[in-house]
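Novice: only the shape, not the letters, is given here:
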């Protein structure tokens, strides 16, 4: 729903490009849509993006656990060598 002031101002504007821009802003704020999430989970490119992101996050978790495990093993070996 447009405020009366915006509606009165739009009727006086002769420039169609400005009128379209103002209408787009009012429509945008009136009914927000989430096309990006829809495209992300329904298109083939979006699904490959999700798979790629999930793979990279999984790889990050694997490497963090791997490095921590080997750091603890090296620390244990160093302690054993000192004794």
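Specialist: Nice, I can see it. Worth saying up front: this structure is predicted, and the values here are computed from it rather than measured.
Novice: low-scoring stretches of the chain, by residue?
Specialist: Applying pLDDT under 70 to the chain flags residues 1-33.
Novice: quick one, longest helix in it?
Specialist: helix 44-82 (DSSP state H).
Novice: packing partners of it?
Specialist: helix 35-42 (3 or more Cβ pairs under 8 Å, 6 or more residues apart in numbering; DSSP states H and E). For glycine as for every other residue, the C-beta is placed from the backbone atoms N, C-alpha and C.
Novice: by contact count, what packs against the helix it packs on?
Specialist: helix 44-82.
Novice: correct me, but residue 49 touches residue 42?
Specialist: No: applying Cβ atoms under 8 Å as the test, residue 49 and residue 42 come out as separate, 11.9 Å apart.
Novice: buried residues, the longest helix of the chain. List them.
Specialist: Judged by neighbour count using 16 or more other Cβ atoms under 10 Å, helix 44-82 contains no buried positions.
Novice: what's the neighbour count on residue 40?
Specialist: Applying other Cβ atoms under 10 Å, we find 15 residues neighbouring residue 40.
Novice: which residue, other than its chain neighbours, is closest to it?
Specialist: residue 46 (4.0 Å; Cβ to Cβ, 6 or more residues apart in numbering).
Novice: these two touch, right, that neighbour and residue 39?
Specialist: Yes: the criterion here is Cβ under 8 Å, and residue 46 meets it with residue 39 at 5.1 Å.
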